[in-house]
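Student: sequence unknown, structure follows:
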């Protein structure tokens, strides 16, 4: 019998995802769904490398981003699952290898850390990463 | 000669004169013519008688001298002689002269014959001598040839003996080869039977390998089916895991109301994870099994192929062994024939050696005979030389006779 998930009223449960050699924790309240991306993904012309492409999920277009680009991970294979995040009215998909756990105490659980460095990848940090990537792309374009 | 005839006449006349001288003085005149007639006539007659006798004796002596000298009588003997004794001697002398004439004729004829014989003997001796020289040279050549023949015959005999020994060794080798061939034939036949048994065993092994290969293939197909099922289970587990996560998310979103559902979702997620891990392990095991079964199939196929090749090679070996058996059997028969022929050759060689030895003996005898002939020819040549000498002597004798005979002839002619 599996242990009961330790949900607390004070803190939101976390979802532990893995991409390459890195793990990250995403607040589960910001996650809308996890789905397979094996159905197909269309690349966006002119998009940076961390933009995987567009996929259709439940009849809506979802932009998939490469999680490894934000975690600084090394991933040899393309991610098989996507974590659908809610950003207000918009939704973004983070491509991951798999969801390893959903646990309130995941942040403190030694087993989830393991040999991987675990990073909290909540909505704000994700946006900061995106802005940073965009700024870097703009600088590169400007320099070009 | 006449003085000898005159002596008796003178003696008679003296006797008559003495008688007349003693008688005449006292006798008449008429006695004188009578006395003369009576003394002179007897004296004349006596003188004539003595004269005639002296002539006969002289002729007789002359004829005897001629006879003594070996000459022919100068004239025929007188048929009548004054003296009967001389006449008889004259007749005997005439007969002797006739005999001498015949003897001389015979001697002359013999002389001619001797001369001719001497010439013939001389010629014949020269011819025989020349022939003897030829014969001697021929005999010498024959002797040399006989010696060479003897030497060659001895060498041939030695060669035949060597050949006979070689044939004996060959016969022994052939017999040994026949025995070896027989053993080889038996070994080859045993090998052929063993190879046939091995082929039969290999056929059973081949069938077993084929069955094993078929079973491995069936096992591989089953493994692949299990792999497919495992992949389906894995996909189901992944989807279940995903559903469980989403259910957990929904439960978290529901707050306290979703706690129980979250627990169930977590259980399902863990089951899905366990299922997925088990399915992964099954998949890996199936991959290993599939790999092993593929290796086993490849090995079985290779073994089958090698067995087929081995079976084919073994069939070739069996055929080769059968051929070997046939060849060895034929070889053994041939070797037996060779052995038999070698034995016959040995007998023939022994007979040849005996014949050569006989030839050698005959050649030696021939050589000895040739030497004897050569010696005889030499002796004959020596005798011919003697005959030539005799012929020369005969010729000399004939010449001497010839020298003697012409005096008679001359006397006859004179």
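Tutor: Good, I have the coordinates. All values reported here derive from a predicted model rather than from experimental measurement.

Student: Tell me which residue lies nearest the centroid of chain A.
Tutor: Note on chain A: the residue nearest the mean C-alpha position is residue A:94, at 3.5 Å, using C-alpha atoms, centre = their mean.

Student: OK, contacts around that one?
Tutor: A:17, A:26, A:64-65, A:67, A:82-83, A:85, A:121, A:126 (C-beta atoms under 8 Å, 6 or more residues apart in numbering or on different chains). In this view, the C-beta of every residue, glycine as well, is placed from N, C-alpha and C.

Student: what do you get if the cut-off is 6 Å, keeping everything else the same?
Tutor: A:65, A:67, A:83 (C-beta atoms under 6 Å, 6 or more residues apart in numbering or on different chains).

Student: Looking at those residues, which one is closest to chain B?
Tutor: Among the contacts of residue A:94, residue A:83 lies closest to chain B (C-beta to the nearest C-beta), at 9.2 Å.

Student: Quickly run through the sheet partners of the helix or strand where that closest one lies, with directions.
Tutor: Using DSSP states H and E, residue A:83 falls within strand A:81-87. Its sheet considered, strand A:81-87 pairs with strand A:31-36 (antiparallel), strand A:90-96 (antiparallel) by DSSP bridges.

Student: how about the ones you listed in CSV, adding distance to residue A:132 and mean pLDDT?
Tutor: Output for the strands paired with strand A:81-87, formatted as CSV (distance: least, C-beta to C-beta, whole Å; pLDDT from 0 to 100):
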stretch, distance to residue A:132, mean pLDDT
strand A:31-36, 22, 90
strand A:90-96, 15, 91
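
Student: Quick check: residues of chain B near chain A?
Tutor: Applying C-beta under 6 Å from any C-beta of the partner chain, we find that chain B lies next to chain A at B:242, B:245-246, B:248-249, B:252, B:262-263, B:266-267, B:270.

Student: For the nearest residue to residue B:133 once chain neighbours are set aside, give its distance to chain A.
Tutor: Nearest in space to residue B:133, with sequence neighbours left out and distances taken as C-beta to C-beta, 6 or more residues apart in numbering or on different chains, is residue B:381 at 7.5 Å. For residue B:381, the distance to chain A equals 133 Å [C-beta to the nearest C-beta, to the nearest Å].

Student: How confident is the prediction for residue B:381, by pLDDT?
Tutor: In this model, residue B:381 is scored at 71, pLDDT.

Student: By residue count, tell me the biggest helix in the chain.
Tutor: Picking chain A for this. Looking across chain A with DSSP state H, the single longest helix is helix A:123-143.

Student: my question was about chain B
Tutor: Max-length helix for chain B by DSSP H is helix B:84-254.

Student: Next SSE downstream of that helix?
Tutor: helix B:259-413.

Student: orientation of that following helix relative to helix B:84-254 in degrees?
Tutor: 170 degrees (axes from the mean of the first three to the mean of the last three C-alpha atoms, to 10 degrees).

Student: helices or strands next to helix B:259-413 in the packing?
Tutor: helix B:84-254 (3 or more C-beta pairs under 6 Å, 6 or more residues apart in numbering or on different chains; DSSP states H and E).

Student: what about the helix it packs on, distance to the chain center?
Tutor: 21 Å (C-alpha atoms, centre = their mean, to the nearest Å).

Student: Skipping its backbone neighbours, what lies nearest residue B:157 in space?
Tutor: residue B:356 (4.2 Å).

Student: ok, that neighbour to residue A:27 distance?
Tutor: Distance, residue B:356 to residue A:27, by C-beta to C-beta, to the nearest Å: 130 Å.

Student: ditto for residue B:326
Tutor: From residue B:326 to residue A:27 the distance is 95 Å (C-beta to C-beta).

Student: Looking at the two, which is more packed in?
Tutor: residue A:27 (17 against 12; other C-beta atoms under 10 Å in any protein chain shown).

Student: How is the closest residue to that one other than its chain neighbours assigned, secondary-structure-wise?
Tutor: With C-beta to C-beta, 6+ apart as the criterion, residue A:27 has its nearest non-adjacent residue at 4.6 Å, and that residue is residue A:12. Put simply, residue A:12 is coil when judged by DSSP: H, G, I helix; E, B strand; the rest coil.

Student: Pull the contacting residues for the spatially most central residue of chain B.
Tutor: When C-alpha atoms, centre = their mean is applied to chain B, the residue found nearest the centroid is residue B:153 (6.8 Å). Counting by C-beta under 6 Å, 6+ apart, residue B:153 makes contact with B:359-360, B:363.

Student: By neighbour count, which of those residues wins?
Tutor: Ranking these using other C-beta under 10 Å puts residue B:363 first, with 22 neighbours.

Student: Setting the sequence-adjacent residues aside, check what's closest to that residue.
Tutor: Residue B:363 sits nearest to residue B:150 (C-beta to C-beta, 6+ apart), 4.4 Å away.

Student: residue contacts, that neighbour?
Tutor: B:363-364, B:367.

Student: and which of those is nearest to chain A?
Tutor: residue B:363 (111.7 Å).

Student: quick one, what contacts the closest one?
Tutor: B:149-150, B:153.

Student: before we move on, the earlier item: so the residue nearest to residue A:27 makes contact with residue A:30?
Tutor: No: using C-beta atoms under 6 Å, residue A:12 makes no contact with residue A:30, being 8.1 Å away.

Student: For the helix or strand containing residue B:52, which residues meet the burial criterion?
Tutor: Here residue B:52, judged by DSSP H and E, is contained in helix B:31-68. For helix B:31-68, the neighbour count (16 or more other C-beta atoms under 10 Å in any protein chain shown) marks B:35, B:39-40, B:43, B:46-47, B:49-51, B:53-57, B:59-60, B:63, B:66 as buried.

Student: Write the PyMOL selection for whichever of the contacts of residue A:94 are buried.
Tutor: Provided next is the PyMOL selection string for whichever of the contacts of residue A:94 are buried by 16+ other C-beta under 10 Å:
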select buried, chain A and resi 65+67+83
